[in-house]
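[1] Structure here, sequence nowhere to be found:
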């Protein structure tokens, strides 16, 4: 059955690509547009120029958002998870053009899956009526939308990055508007990294494809394809229980196919097909040799309608995943849900939205999730917003059935419960822009690996709360000189003195001072940034892959400076960066030392019609 489905998908891909290639290419006379070169700073961020960022993964871009924190493991390719507001690391839903990218084995949102150069827009808070792809709780969801290069003056780009530790990254993108009804966007990435520490090499390839075909003025169909393939060495700390494995290694091959039919903004139905093959072993096959195959289907349908100030949407979803594993056994997970969102919205003043979803997971009780979100624009330059929601997450395959090497599964795990409230504001006072948000989350039955017993095992943790304050500020001293900073304060309360704080510091911040000038009547756009990352005190668990207990390993505060220079010469962009200029020895996640002094440079060249 799986083989038949794969052949069918390959046939559809071949047909659509062939049809697009055979169609005549229309010339676009639109003039080149200059886009702003800046780090994203707000909750609905336009991110059109990543060539100026010396990123390793999308998580490096994500972390510039004020409510975001990235649990950076230093080496390229290691698990890249983050958190939003007072949320739990890796637990938000990650969507890329409607494809859900959360790992089907453990449920985590690994941002390594995202082809960074393709991203055109990020949403982390969206009004309930405007959001796509089903029920997505505010503060628990990241929506990414790819650039439509077929509709832009930029038809193709080529990017290259290189740096210390054998880092190389080649990215190529192409947009084709074959006719008024047919467009194609595609791209590919090849990455390699020798590693920050011993046994941390990484090689990866990514391919993304989006084909849009208009049927008539109202209806359109869309095909999406995303491939992620990588080979990764897993670094192991000296005191880890994995130290007997000879060079732990992981190989992933994942494909996602999406089919969607739309009627304007009023109706859509989408189908996502996911296949994941994961291998974990030690070289010479010592101790561990595991192979897991997962294939899944997600079906979502939604209807939107608006009557003056009042709007609503309603929809339903179904998803099913099959696991085939000699070590973990063969298992099936199935869920079905239905939702409704309603809102009253005044374009210039306010928005009040509420929603609820009823959901059933195989093997668990039916539950209801609710949400409320509001926006009020007191003045043109002053916006207040707030939200409250209740989110429930059923255990995935790994915490239920894994037999190692990190931990043992627990089939008796209960659903995780997250209740979050938050409020904030955005304002501009002359040359000063401010964003701030306060949030609190009550967490019940969070799933975590417990190292307190003889054998590490997944458990439901005791109830606890997280409080967070997020902020960002931007100030223009003069036209050529500006300042930007963002920060997060986190406080966790629990009745257990050994409770995990998940390697997150009590306070973290990053920012820069930027000099910008345009020389030679617009031919040379120059940006020079001097910035730093600050991490406050935190605590770490005994092993890097467990969350409980913390075992009392403190991590001292650290201040890490960097330098970043960007030069845009018409269609050519080049950047140079030096991270950790003082060559400091520090960690953000226990067991994963961050790189020392690291130099990178790269360029992007754009080709126009």
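    Here it is on my side, so go on. Since this is a predicted model, take the numbers as computed values, not measurements.

[2] nearest residue to residue 215 other than its sequence neighbours?
    For residue 215, ignoring the flanking residues on the chain, the nearest one in space by CB to CB, 6 or more residues apart in numbering is residue 221 at 6.6 Å. C-beta here means a position set from N, CA and C on the backbone, and glycine is covered the same way.

[3] helix/strand/coil for the one you found?
    Under DSSP: H, G, I helix; E, B strand; the rest coil, residue 221 falls in the strand class.

[4] What's the local residue count around it?
    Neighbourhood size, residue 221 [other CB atoms under 10 Å]: 14.

[5] What pLDDT is listed against the residue nearest in space to the middle of the chain?
    Against the mean C-alpha coordinate of the chain, by CA atoms, centre = their mean, the closest residue is residue 111 at 4.2 Å. Listed pLDDT for residue 111 reads 93.

[6] my guess is the residue nearest to residue 215 meets residue 261, correct?
    Yes - the criterion here is CB atoms under 8 Å, and residue 221 meets it with residue 261 at 5.1 Å.

[7] Got the phi and psi for the residue nearest to the centre of the chain?
    phi -80, psi 0 (degrees, to the nearest 10).

[8] list the contacts for the residue lying closest to residue 366 once chain neighbours are set aside?
    Spatial nearest neighbour of residue 366, excluding adjacent residues (CB to CB, 6+ apart): residue 360 at 4.4 Å. For residue 360, the contact set (CB atoms under 8 Å, 6 or more residues apart in numbering) comprises 335-337, 366-367.

[9] now do 10 Å
    Counting by CB atoms under 10 Å, 6 or more residues apart in numbering, residue 360 touches 334-338, 366-367, 394.

[10] In which helix or strand does it reside?
    Per DSSP states H and E, residue 360 falls inside strand 350-361.

[11] That strand - which strands sit beside it in the sheet, and in what orientation?
    Here strand 350-361 is paired, per DSSP bridges, with strand 331-345 (antiparallel), strand 367-379 (antiparallel).

[12] Give me the distance between the first one and the centre of its chain.
    To tie it back to what came earlier, the one meant is strand 331-345. 21 Å (CA atoms, centre = their mean, to the nearest Å).

[13] Would you mind giving the secondary structure of the residue nearest to residue 483 when sequence neighbours are not counted?
    Nearest non-adjacent residue to residue 483, counting by CB to CB, 6+ apart: residue 475, 4.8 Å away. Classification of residue 475 by three-state DSSP places it in strand.

[14] Pretty sure residue 112 sits in a helix.
    Yes - Residue 112 forms part of a helix when assessed by three-state DSSP.

[15] these two touch, right, it and residue 229?
    No - with contact defined as CB atoms under 10 Å, residue 112 does not reach residue 229; the gap is 11.3 Å.

[16] Now do the shared contacts for these two.
    Common neighbours of residue 112 and residue 229 (CB under 10 Å, 6+ apart) are 204, 206, 252.

[17] For residue 557, state which of those is nearest.
    residue 204 (33.0 Å; CB to CB).

[18] ok so, going back, please tabulate the contacts of residue 360 in TSV, including the columns neighbour count, distance to residue 412 and pLDDT.
    Converted to TSV, those look like this (neighbours: other CB atoms under 10 Å; distance: CB to CB, whole Å; pLDDT from 0 to 100):
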residue	neighbour count	distance to residue 412	pLDDT
334	14	19	96
335	16	19	95
336	16	23	96
337	20	24	94
338	16	28	94
366	10	19	92
367	16	18	90
394	20	13	93
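
[19] Now the two most distant members of those.
    Most distant of the contacts of residue 360, by CB to CB, are 338 and 394, 16.4 Å apart.

[20] picking that back up, and the strand holding residue 360, average pLDDT?
    The average pLDDT within strand 350-361 is 90.

[21] Tell me which stretches of this protein form helices.
    2-22, 58-62, 397-401 (DSSP state H).

[22] Lowest average pLDDT across these?
    Minimum mean pLDDT among the helices of the chain: helix 2-22, a mean of 38.

[23] Count the residues that sit near residue 474.
    21.

[24] sorry, back to before: in the sheet, which residues pair with the residue nearest to residue 483? Tell me.
    Residue 475 has these beta-bridge partners by DSSP bridges: residue 432, residue 483.

[25] Give me the nearest residue to residue 427, chain neighbours excluded.
    In space, residue 427 is closest to residue 382, 4.6 Å off (CB to CB, 6+ apart).

[26] Check the gap between that neighbour and residue 436 for me.
    12 Å (CB to CB, to the nearest Å).

[27] Which neighbours do the two have in common?
    425-427.

[28] how close does the closest residue to residue 120 other than its chain neighbours sit to residue 177?
    Excluding its sequence neighbours, the residue lying closest to residue 120 (CB to CB, 6+ apart) is residue 147, at 3.6 Å. The gap separating residue 147 from residue 177 is 13 Å, by CB to CB.

[29] what sits in contact with each of those two?
    Contacts common to residue 147 and residue 177, judged by CB under 10 Å, 6+ apart, are residue 185.
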